[in-house]
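Peer 1: need the 3D shape of this:
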Amino acid sequence: MAELNQLPSSIDPRSGFCKANSTFYSKRKQIPLPSNDSLDVTTFISSRSHRGKTAFIDASTGRKLSFSDVWRAVEAVATCLSIDMNIRKNDVVLLLSPNSIYFPIVCLAVMSLGAIITTTNPLNTSREIAKQIADSKPVLAFTIPQLLPKLGDSKLPIVLLDSANSYPSKFKIVNTIVEMMKREPSQSRVKERVSQDDTASLLYSSGTTGMSKGVVSSHRNLIAMVQTIVSRFKLDEENHTFICTVPMFHIYGLAAFATGLLAAGSTIVILSKFEMDEMLMAIQKYTATYLPLVPPILVALVNNAAAIKKKYDLRSLKSVLSGGAPLSREVIEGFVEKYPNVTILQGYGLTESTAIGASTDSLEESRRYGTAGMLSPSMEAKIVDPESGEALPVNCTGELWLRGPSIMKGYFSNEEATASTLDSEGWLRTGDLCYVDEDGFIFVVDRLKELIKYKGYQVPPAELEALLLTHPEIADAAVIPFPDEKVGQFPMAYVVRKTGSSISESAVMDFIAKQVAPYKRIRQVAFTAAVPKNPSGKILRKDLIKLAVSKL
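Peer 2: Numbering: from 1, shown residues only. Next up is the predicted model:
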């Protein structure tokens, strides 16, 4: 294992703050990274020893894959990709699929070759997916038969994650995952040297500014996150069963379910899509111990506790892991009251930080109401005044900057966006306004960035505004996050009609709904004479948010 960074001697043990360089250091135990530079994340995970037997269970069919099944499948698929399809290091492979037991196999096989996996949301429209294909330039796609139409005019060779009896002849189907997994793994195939610094994944995020960009994560980034996940849950101490409800295409799902938990020998029960009853039935059937989710699901568990406990046996559950937004005092206390034997853990992270940047690792820590948690092992933070650029001490609010082994390499083919987000010393500007208290807990106060968080999904207002402006009857528009107890926030539009137009609220909503994934839809519209802007033309979203909330 690699040497750990030497920490300054002048760190306050209580807050983790060092006055000498105005940096907060993690109070968690540092984790050494592997010293072997020629290491890909797949090899790193497969070489870890654990006592786990069953790796994946498909909740809908009950099909199980043992750890040896998984690694044999990964080798077989990698052999096919390399020998039959000529996939090479740095080639990009697209994965368009709901959660499935094949999802991690594809990711791990692709990354083992030094090729790059790019995932996309199955809810995205053909237009949104085409945009990602044009940017990332994949040479091959994996998908399910039902999603083939979304690859429309891409002309990509396609591997089906299912057997289909018939499909339109315009698609270039080259194989199925089932056939690939039957392949005898070849030891004679050429194995290219993959280093920890090479790119492993390319997930798309709206980042701290508007439009979607490819986040370049290295094998080192993913290895560091695997280490964090394994240490966070002390998973090596006993076997655990996790329910996979969060989407695997998202960094939360990819880091946890396709890599991190596999390294610990945990069993993962996969739901292809989220349905409350299915999730609860899976907890009962497979005596699950951990349930990762997003805040709206947690709220539903609290609100429907009596009916749920009457119908399902959830006694095996030890912890729920919430990510996407801090939980309120009411939600935490309500949950503790209704489910006294289940611990709430929270996590804060971004695609750009390869998932967890901070977390609460016990109920006691989660009871710091409103906190995003303490810094992950080996993570450093600064709180920077957005106006002066000065790094601030304890209990002062500024933009949270993060630095550590899991911070991305940059944005794909976008030097301008990279330079505005990552500085020359490796600090990631998160776009979140935060403070760190005297005990080292991070609190998110507001977002500098303009993303709307709908059920944990990111919705960039700039994308919806650009679409609204293409409507012949709309002169100007602004989109804001509107607070909602069930979904967190939803997109609301302020629209300026063109002279003579009488376009209705429903017409505006329908216009957008036809062009975007369901989670991006505008759910409320207000008409206004003008959109407030500053002298440089930037929309004054804060003013519109205040106006919208004042009418609640």
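Peer 1: what residue lies at the spatial centre of the chain?
Peer 2: The residue lying closest to the centre of the chain (CA atoms, centre = their mean) is I251, at 2.9 Å.
Peer 1: that residue against Y204, yeah?
Peer 2: No - contact between I251 and Y204 fails when scored by CB atoms under 8 Å: they sit 10.2 Å apart. For every residue, glycine as well, the C-beta is placed using N, CA and C.
Peer 1: which neighbours do the two share?
Peer 2: Taking CB atoms under 8 Å, 6 or more residues apart in numbering as the criterion, I251 and Y204 both touch 215, 351.
Peer 1: now the residue nearest to the centre of the chain: how far from K285?
Peer 2: Plainly put, I251 is 28 Å away from K285 if you go by CB to CB, to the nearest Å.
Peer 1: and if you look at A55?
Peer 2: Distance of A55 to K285, given as CB to CB: 17 Å.
Peer 1: so which of the two has more stuff around it?
Peer 2: Under the neighbour definition other CB atoms under 10 Å, A55 and K285 were set side by side, and A55 has more, 22 against 14.
Peer 1: can you tell me the SS state at the residue nearest to D153 when sequence neighbours are not counted?
Peer 2: Leaving aside its chain neighbours, D153 sits nearest to A130 (7.3 Å; criterion: CB to CB, 6 or more residues apart in numbering). Secondary structure, DSSP: H, G, I helix; E, B strand; the rest coil: A130 is helix.
Peer 1: count of neighbours near A130?
Peer 2: 16.
Peer 1: same check on V459?
Peer 2: A count of neighbours around V459, defined by other CB under 10 Å, yields 24.
Peer 1: contact partners for it?
Peer 2: Residues near V459 by CB under 8 Å, 6+ apart: 206, 451-453, 491, 519-520.
Peer 1: if we use 10 Å, what do you get?
Peer 2: Going by CB atoms under 10 Å, 6 or more residues apart in numbering, V459 touches 206, 450-453, 479, 481, 489-491, 516-517, 519-522.
Peer 1: what does Y167 give?
Peer 2: Residues near Y167 by CB under 10 Å, 6+ apart: 145, 148-149, 158, 160, 173.
Peer 1: and for E399?
Peer 2: E399 neighbours (CB under 10 Å, 6+ apart): 208, 382-386, 389, 392, 429-434, 448-449.
Peer 1: what's across from it in the sheet?
Peer 2: V384, L433 (DSSP bridges).
Peer 1: and it, how far from G373?
Peer 2: According to CB to CB, E399 and G373 sit 18 Å apart.
Peer 1: next one: S388
Peer 2: 27 Å.
Peer 1: these two: who's more crowded?
Peer 2: It is G373, of S388 and G373, that has more neighbours when counted by other CB under 10 Å, with 25 against 9.
Peer 1: host element of that one?
Peer 2: Assigning secondary structure by DSSP states H and E places G373 in strand 371-375.
Peer 1: within the sheet, what are the partner strands of that strand, with directions?
Peer 2: Neighbouring strands of strand 371-375 in its sheet, by DSSP bridges, are strand 355-360 (antiparallel), strand 441-447 (antiparallel).
Peer 1: residues touching the next helix or strand after the longest one, excluding its own?
Peer 2: Proceeding N to C from strand 441-447, the next assigned helix or strand is strand 452-454, under DSSP H and E. The list of residues contacting strand 452-454 from outside it, by CB under 10 Å, 6+ apart, reads 206, 294-296, 324-325, 447, 458-461, 464, 479-482, 484, 487-492, 518-521, 523.
Peer 1: now with 7 Å?
Peer 2: 324-325, 459, 461, 481, 487-491, 519 (CB atoms under 7 Å, 6 or more residues apart in numbering).
Peer 1: do me a favour and average the pLDDT over the helix or strand just after it.
Peer 2: Reading on from strand 452-454 to the C-terminus, the next helix or strand found by DSSP H and E is strand 457-459. The average pLDDT within strand 457-459 is 83.
Peer 1: who are the neighbours of whichever helix or strand comes after strand 457-459, in terms of helices and strands?
Peer 2: Using DSSP H and E, the helix or strand that directly follows strand 457-459 along the chain is helix 461-468. When contacts are defined as 3 or more CB pairs under 7 Å, 6 or more residues apart in numbering; DSSP states H and E, helix 461-468 packs onto strand 474-484, strand 488-497, helix 505-513.
Peer 1: L301: which of those is closest?
Peer 2: For L301, the closest of the helices and strands packed on helix 461-468 is strand 488-497, at 15.3 Å, according to CB to CB.
Peer 1: what's that closest one packed up against?
Peer 2: On a contact count with 3+ CB pairs under 7 Å, 6+ apart, strand 488-497 meets strand 452-454, helix 461-468, strand 474-484, strand 524-527.
Peer 1: sweet, I'm off.
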